[in-house]
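**Q** Okay, sequence plus prediction incoming.
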Number of protein chains: 2
Amino acid sequence: MIVAEVPLKVTLFGEHAVVYGRPAIAFTISQKMLVKVEESDRFEVISNNLVVRGLRVLLDSYTVYSEEAKRVLRYVEEALRYFGAERPVRVEIESPVEPSVGLGTSAGVVVGTVAAYSRLLGYRLSNEEIARIAHEVELRVQGIGSRMDTTTESLGGFVYFSGDGSVEKISPCGLSFSAGYFRRVRTTAETLRIVRALRARREGLIDKVFDMIKEITDEGLKALKACDEDSLGELMYMNHALLSLIGVSTAVQDELIARARELGVKGCKLSGGGGGGLTVCLEDERAKSLLKAFGANLIDARPTDTGVIVREVLT
Amino acid sequence: MIVAEVPLKVTLFGEHAVVYGRPAIAFTISQKMLVKVEESDRFEVISNNLVVRGLRVLLDSYTVYSEEAKRVLRYVEEALRYFGAERPVRVEIESPVEPSVGLGTSAGVVVGTVAAYSRLLGYRLSNEEIARIAHEVELRVQGIGSRMDTTTESLGGFVYFSGDGSVEKISPCGLSFSAGYFRRVRTTAETLRIVRALRARREGLIDKVFDMIKEITDEGLKALKACDEDSLGELMYMNHALLSLIGVSTAVQDELIARARELGVKGCKLSGGGGGGLTVCLEDERAKSLLKAFGANLIDARPTDTGVIVREVLT
């Protein structure tokens, strides 16, 4: 059996603006998904942990249909197909977190399947090759999509996406983060629509917001390289205010972040698509208490420097 | 006795940015201060309503010193001196609200004293002349200062300050507002310092924030002229997000505004210096309920079109 350990990722700067060609920064965290691939007599996908939503059950045959499961299946299927789907395999996916909260679980399925299945077939891909193939697979499934999640989870560490296609990896210094996720009240697709509609109404203004997010992201890159916690935190609050401006935050996230700021937590922001989902702060016990008090599910958001790892396990 | 009725004012767009040369919009509301001037055998200032803070009492003489009272006194004194302080008068000030919450009570003292005392001396000043003299008096006391409050309270209605010194008055259409004020946790001077320090650290970024506030204010002027409530409200939320970005909001105000937005209230923002003080929303019963629930003192924020009025009253 081949096991791919895929680190989950957190977006630190630039979400939404990245859709409009601006840069973004994401980093891998200590929590991991496992994608296990082993030879089998038939093609099979199993997941005990990925919470499945939107179930539909056919009572005559006890068949369960799930859009979420179908989506995961399509990622796995397309990843296998990339390599010709030469051998029937059993793919088992274990995730420590719910899907669609902004931690890159969809990308994790693709990266993990590409990494593990390619090894089963005898290939020894570099992490850069895994990143490239995983993005290609994602594009085949989704039609469009940012390379941010698949690249970050493949390479590990802090990854800066310049907006013109180039990628820079920054190794973590001593900085750490506290984070948790809320139930989402809007899907990423919905928040993307909100932003698109707002931009259609007020193009000049919203493009200026994106330009400011670009500047914050670029300043964030400098702060990361200098390991300057004060500057990084201030920029996180600024980026959050602009995400709130474009309407992708929720009252609970705005409240949590306002309280954290007033308490003296150095930096906090929503992370990912918004409308609930992930909120990330510079590491602080008070931030953890606030996240819990406001009802978030805490995660282990300590940064790591390692991307996907593949192990061979004797069964 | 001469009574000047001075409407209080609410800042709708552009606070803080106006200090750095960008435009702003303020409007007068139904609540009024009264400044009563009558001849007397000595110079006397009385105020039953202006809450006085920072008292110091000398026990040997029962003398009370108050910085707040001294400040009010200096405005009155300087206004009388402008006209040569020809006759000893008794000046009585009645304010329906606490000072320093962003409703222009300091300017109201100046405008009211200028308007009433000049009439007592037999002058018949136009509202434009009162505006000019009141600003001149304010400058003599403060050294620096925006003409926004004195001009708005003198002229009445919605007043747009272009940033290059010109002023445009817009008559209110059917739009109305709900507003309330919180105890301030920072003075205006402190919030001005916060912004100055932030701008010193991140000049390019903060100047871009001010440019965006300028654009929001100019769009707000268009929305006012078109009486477009939806657009105006959206711009109010945007302006608030930028005030939050520069660090002059409080958690309570951010929370209230986030909840109002989520409830569907069309527009809300902090108003004035921030750090507590005034919060203004487009008129909405739900906004009033939220303001009360969060502990604000509600005010009557219906716009008026009339500036300071002077009446002669037989005593």
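**A** That came through fine. All figures in this text were calculated on a predicted structure; none of them were measured in a lab.
**Q** Residue A:47: what's it in contact with?
**A** Residue A:47 makes contact with A:69, A:72, A:92-95, according to CB atoms under 8 Å, 6 or more residues apart in numbering or on different chains. For the C-beta atoms, the positions are set from N, CA and C on the backbone; glycine is no exception.
**Q** partner residues bridging it?
**A** Per DSSP bridges, the residues bridged to residue A:47 are residue A:93.
**Q** What's the separation between it and residue B:96?
**A** According to CB to CB, to the nearest Å, residue A:47 stands 64 Å off from residue B:96.
**Q** Over to residue A:168?
**A** Residue A:168 is 59 Å from residue B:96, by CB to CB.
**Q** ok, now residue A:100?
**A** Distance, residue A:100 to residue B:96, using CB to CB: 51 Å.
**Q** more crowded one of those two?
**A** residue A:100 (20 against 14; other CB atoms under 10 Å in any protein chain shown).
**Q** Up against chain B, what does the stretch 201-315 of chain A have?
**A** Contact residues, the stretch 201-315 of chain A versus chain B (CB under 8 Å from any CB of the partner chain): A:201-202, A:204-205, A:208-209, A:211-212, A:215-216, A:219, A:234, A:237-238, A:241-242, A:244-245, A:247, A:249-251, A:254-255, A:257-259, A:261-262.
**Q** Narrow those to just the buried residues.
**A** For these, a burial check counting by 16 or more other CB atoms under 10 Å in any protein chain shown picks out A:202, A:205, A:208-209, A:212, A:215-216, A:219, A:234, A:237-238, A:241-242, A:244-245, A:247, A:249-251, A:254-255, A:257-259, A:261.
**Q** Does the nearest residue to residue A:16 once chain neighbours are set aside lie in a helix or a strand, and which?
**A** With CB to CB, 6 or more residues apart in numbering or on different chains as the criterion, residue A:16 has its nearest non-adjacent residue at 5.5 Å, and that residue is residue A:195. Here residue A:195, judged by DSSP states H and E, is contained in helix A:188-201.
**Q** Identify the residues contacting residue A:253.
**A** Here residue A:253 is in contact with A:182, A:270, A:274, A:276, A:279 (CB under 8 Å, 6+ apart).
**Q** quick one: the last one from chain B, how far?
**A** According to CB to the nearest CB, to the nearest Å, residue A:279 stands 13 Å off from chain B.
**Q** to the chain's geometric centre, what's the distance from the strand or helix carrying that residue?
**A** Using DSSP H and E, residue A:279 sits in strand A:277-282. Computed by CA atoms, centre = their mean, to the nearest Å, the chain-centroid distance of strand A:277-282 equals 12 Å.
**Q** okay, the angle between that strand and helix A:188-201?
**A** 80 degrees (axes from the mean of the first three to the mean of the last three CA atoms, to 10 degrees).
**Q** Would you mind extracting the C-alpha trace of the next helix or strand after strand A:277-282 into PDB?
**A** Using DSSP H and E, the helix or strand that follows strand A:277-282 in sequence is helix A:285-293. Output in PDB follows, covering the C-alpha atoms of helix A:285-293 (Å, rounded to 0.1, in the frame of the first residue of the first chain):
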ATOM      1  CA  GLU A 285      -3.900  31.800  23.600                       C
ATOM      2  CA  ARG A 286      -6.500  34.600  23.600                       C
ATOM      3  CA  ALA A 287      -7.200  34.000  20.000                       C
ATOM      4  CA  LYS A 288      -7.700  30.300  20.700                       C
ATOM      5  CA  SER A 289     -10.100  31.200  23.500                       C
ATOM      6  CA  LEU A 290     -12.000  33.600  21.300                       C
ATOM      7  CA  LEU A 291     -12.200  31.100  18.400                       C
ATOM      8  CA  LYS A 292     -13.700  28.500  20.900                       C
ATOM      9  CA  ALA A 293     -16.000  31.000  22.500                       C
END
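**Q** what mean pLDDT does helix A:285-293 have?
**A** Averaged across helix A:285-293, the pLDDT comes to 97.
**Q** buried residues in that helix?
**A** A:287-288, A:290-291.
**Q** Name the surrounding residues that touch it.
**A** For helix A:285-293, contacts defined as CB under 8 Å, 6+ apart pick out A:178-180, A:256, A:259-260, A:263-265, A:268, A:279, A:281, A:298.
**Q** Let's verify residue A:33: helix, strand, or coil?
**A** Of the three states, residue A:33 takes strand under DSSP: H, G, I helix; E, B strand; the rest coil.
**Q** re the thing from before, just the buried members of the contacts of residue A:253?
**A** Buried members of the contacts of residue A:253, scored by 16+ other CB under 10 Å, are A:182, A:270, A:274, A:276, A:279.
**Q** The first one against residue A:250, yeah?
**A** I take that to be residue A:182. Yes. When contacts are counted by CB atoms under 8 Å, residue A:182 is listed as touching residue A:250 (7.2 Å).
**Q** got any residues that touch both of these two?
**A** Here residue A:182 and residue A:250 share the contacting residues residue A:276, scored by CB under 8 Å, 6+ apart.
**Q** Tell me which other helices or strands the helix or strand in which residue A:298 is found touches.
**A** For residue A:298, the element it lies in under DSSP H and E is strand A:297-299. Applying 3 or more CB pairs under 8 Å, 6 or more residues apart in numbering or on different chains; DSSP states H and E, one finds that strand A:297-299 makes contact with strand A:177-182, helix A:285-293.
**Q** Any chance you could list what contacts the shortest one?
**A** For strand A:177-182, the external contacting residues (CB under 8 Å, 6+ apart) are A:10, A:29, A:97-98, A:101-103, A:250, A:252-253, A:271, A:276-285, A:287-288, A:291-292, A:294-299, A:301-303.
**Q** Which helix runs longest in chain A?
**A** Using DSSP state H to define each element, chain A has its longest helix at helix A:203-225.
**Q** Residue A:39 and residue A:86 touch, don't they?
**A** No. Contact status for residue A:39 versus residue A:86: not in contact, 10.7 Å apart, counting by CB under 8 Å.
**Q** and residue A:86, that's in a strand?
**A** No. With three-state DSSP as the criterion, residue A:86 is located in coil rather than a strand.
**Q** can you give me the helices for chain A?
**A** A:67-82, A:105-120, A:127-142, A:148-155, A:188-201, A:203-225, A:229-245, A:251-263, A:285-293.
**Q** got the contact list for the one residue sitting closest to the centre of chain A?
**A** Geometric centre of chain A, nearest residue: residue A:104, 2.6 Å, by CA atoms, centre = their mean. Residues in contact with residue A:104, defined by CB under 8 Å, 6+ apart, are A:8-9, A:26, A:149, A:152-153.
**Q** By neighbours, which of these wins?
**A** Neighbour max across the contacts of residue A:104 (other CB under 10 Å) = residue A:153, 32 neighbours.
**Q** show me the contacts for it.
**A** Residue A:153 sits next to A:6-9, A:28, A:104, A:107-108, A:111, A:134, A:307-308 when contact means CB under 8 Å, 6+ apart.
**Q** would JSON lines of the residues you listed with pLDDT and distance to residue B:227 be doable?
**A** Shown next, in JSON lines, are the contacts of residue A:153 (pLDDT from 0 to 100; distance: CB to CB, whole Å):
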{"residue": "A:6", "pLDDT": "98", "distance to residue B:227": "55"}
{"residue": "A:7", "pLDDT": "98", "distance to residue B:227": "54"}
{"residue": "A:8", "pLDDT": "97", "distance to residue B:227": "49"}
{"residue": "A:9", "pLDDT": "98", "distance to residue B:227": "47"}
{"residue": "A:28", "pLDDT": "98", "distance to residue B:227": "52"}
{"residue": "A:104", "pLDDT": "93", "distance to residue B:227": "46"}
{"residue": "A:107", "pLDDT": "94", "distance to residue B:227": "48"}
{"residue": "A:108", "pLDDT": "95", "distance to residue B:227": "51"}
{"residue": "A:111", "pLDDT": "98", "distance to residue B:227": "53"}
{"residue": "A:134", "pLDDT": "97", "distance to residue B:227": "53"}
{"residue": "A:307", "pLDDT": "97", "distance to residue B:227": "56"}
{"residue": "A:308", "pLDDT": "98", "distance to residue B:227": "57"}
